[in-house]
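J.: here is the input, now give the coordinates:
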Amino acid sequence: MVQIKIPYGKTGMSVDLPEKNLLGIFESVLPEAAADQTAEVQRALDAPIGSIPLEQLATGKKTALVITSDHTRPVPSKTIMPEILKRLRQGNPEIEITILVATGFHRATTQEELEGKLGREIVANERIIVHNASDDDQLVKIGTLPSGGELIINKLAVETELLIAEGFIEPHFFAGFSGGRKSILPGIASRTTVLANHCSEFIQSPFARTGNLENNPIHEDMVYAAKQAKLAFIVNVVINAEKKIVRAFAGDAEKAHAAGCDFLRKLCEVHVPEADIVLTSNGGYPLDQNVYQSVKGMTAGEAVCRKGGIIIIAASCSDGHGGESFYRNLSQAESPAALLAATAGVARNQTEPDQWQFQILARILNEYKVIVVTKDCDHTMLQKMGMQTASTIEEALQKARSILGNDATLAVIPDGVSVISRKEIK
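T.: Got it, this is the predicted structure:
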């Protein structure tokens, strides 16, 4: 027997698995965090990729705007932001700095959350604005995306003389990777622009997948938006499971981001034999608080499970489904195929909120059975959304084998959001 611990909520779940038919346990291999987190950010700033140093960029500029991620992203801003501010003022002590919180489509970040993220000193002494994607007074159109959608972003980013962003890089289930250009779109873009970028056609593209940037239409829109916004410099980090900085990347928005993605890809890409059953998770708390977020972990199983196979995902979902539109569309659909067909008919500029998430889950449910393992969520609600349920991993495996047989092969991806899973080529 092999004992495996799967991330789940704040506690995790352990399971003993027989070695028979177990294809392997597939995990990322991130190195230890940098011994000195601040020194690692300073190292990146001292040797920027494809750019002159931030201090030199600040010289002669009257204003600078620094985009920071919001409360939903585990960016170690308390470490990164002081170094950015210091470098800007070293280059130009008189420069006027604004920090813009990139909320994207999320709710506004609270004062308490800002202090937790940036520290009380920065919150008390810096000018901080929270982006609102629905506030037309904050927004200005600067062009048209390659997709045809209107490119509308926060006007503060357009009016500043120097635009900078901080963030982190992780695998992303339809943008390829987070970080870099995502600070602009969706970070400080309008509701209209985000919806156009997350359209049905793009979500359905086979190139809009975890770890892929090449020919990815969502990524291409984002890169265009960052160029049009004149994003001049980024500081992005790769973090480990403890949210500690492993490596920092600073410099040109495209080149530094590409270097970070290349670094992460080598550590996170796992090649998995095609499996009848894939057991995975959404990384535990806080990422598995609802079904909406847990779709990300399911896509790790989707990439390597055989058609008609079963994806088992351990996810607390203690906050329920995570979105009314998300739940309504799945629970009221005649079938996943019918929902996919309906979604395919939605024009690019008529995308509705949450459409991308229920489209991806419908795509998965159309090809695979999904069993959600949870002790904290209403099983009836999950079943109405088209999934099966279990309270333990053992129970889920029994259900899967009752459907596929005792000889069904099993692949285990303990943390589905930390890997780029690829089907092993025989």
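J.: what lies in contact with stretch 217-228?
T.: Here stretch 217-228 makes contact (C-beta atoms under 8 Å, 6 or more residues apart in numbering) with 142-143, 145-147, 149, 151, 153, 174-176, 180-185, 189, 193, 196-198, 201-203, 205, 207-208, 213, 253-254. Backbone N, C-alpha and C define where each C-beta goes, glycine included.
J.: now, of those, which are buried?
T.: Buried members of these, counted by 16 or more other C-beta atoms under 10 Å: 142, 145, 147, 149, 151, 153, 174-176, 180-185, 189, 193, 196-198, 202-203, 205, 207-208, 213, 253-254.
J.: sorry, back to before: restricted to helices, list the contacts of stretch 217-228.
T.: Under the assignment DSSP state H, these contribute 193, 196-197, 201-203, 253-254 to helices.
J.: what's the farthest-apart pair in those residues?
T.: Largest separation among these by C-beta to C-beta: Glu201 and Ala253, giving 25.9 Å.
J.: coming back round to it: which one of the ones in helices among the contacts of stretch 217-228 sits closest to Asn125?
T.: For these, the residue nearest Asn125 by C-beta to C-beta is Ala253; the value is 26.9 Å.
J.: give the contact list for that closest one.
T.: By C-beta under 8 Å, 6+ apart, the residues touching Ala253 are 165, 180-181, 226, 231-234.
J.: domains in the chain, by residue range?
T.: Per automatic domain parsing, the structural domains of the chain span 2-27+273-423, 37-267.
J.: straight-line length of the longest one, end to end?
T.: End-to-end span of domain 37-267 (C-alpha to C-alpha, to the nearest Å): 20 Å.
J.: which SS state does Phe263 fall under?
T.: helix (DSSP: H, G, I helix; E, B strand; the rest coil).
J.: thought it was touching Arg247?
T.: Yes - Phe263 is within contact range of Arg247, at 6.0 Å (criterion: C-beta atoms under 8 Å).
J.: so what sits against both of the two?
T.: Residues touching both Phe263 and Arg247 (C-beta under 8 Å, 6+ apart): Val238.
J.: give me the more crowded residue out of those two.
T.: More neighbours surround Arg247 than the other of Phe263 and Arg247, with 21 against 15 (other C-beta atoms under 10 Å).
J.: one step back: reformat the domains of the chain as a markdown table; add mean pLDDT.
T.: Listed next are these as a markdown table, based on pLDDT from 0 to 100:
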| stretch | mean pLDDT |
| --- | --- |
| domain 2-27+273-423 | 95 |
| domain 37-267 | 95 |
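J.: quick one: buried residues of stretch 376-391?
T.: By 16+ other C-beta under 10 Å, the buried positions in stretch 376-391 come out as 377, 381-382, 385-390.
J.: quick one on the thing from earlier: wait, which of the ones in helices among the contacts of stretch 217-228 is closest to Ile84?
T.: Ala253 (14.1 Å).
J.: what number of residues lie near the nearest residue to Pro31 once chain neighbours are set aside?
T.: Excluding its sequence neighbours, the residue lying closest to Pro31 (C-beta to C-beta, 6 or more residues apart in numbering) is Val246, at 6.0 Å. Residues near Val246, counting by other C-beta under 10 Å, number 18.
J.: list the contacts for Val246?
T.: By C-beta under 8 Å, 6+ apart, the neighbours of Val246 are 30-34, 237-240.
J.: apply 7 Å and report the result again.
T.: For Val246, the contact set (C-beta atoms under 7 Å, 6 or more residues apart in numbering) comprises 30-31, 33-34, 238-240.
J.: hmm, back to that, for the ones in helices among the contacts of stretch 217-228, which one is nearest Glu424?
T.: Distances from Glu424 to the ones in helices among the contacts of stretch 217-228, taken by C-beta to C-beta, are shortest for Ile203, at 25.8 Å.
J.: the closest one contacts Leu195, correct?
T.: No - taking C-beta atoms under 7 Å as the definition, Ile203 is not a contact partner of Leu195, at 11.5 Å.
J.: so for stretch 283-301, what gets flagged as buried?
T.: Of the residues in stretch 283-301, 283-284, 287-301 count as buried by neighbour count, 16+ other C-beta under 10 Å.
J.: again with stretch 392-407
T.: 393, 396-397, 399-401, 403-404.
J.: count the neighbours of Glu166 for me.
T.: If you count neighbours by other C-beta under 10 Å, Glu166 ends up with 27.
J.: contacts only, for it.
T.: Listed by C-beta under 7 Å, 6+ apart, the contact set of Glu166 reads 66, 68, 75, 77, 80-81, 84, 235.
J.: secondary structure element for it?
T.: Glu166 is part of strand 163-168 when elements are defined by DSSP states H and E.
J.: done for today, thanks.
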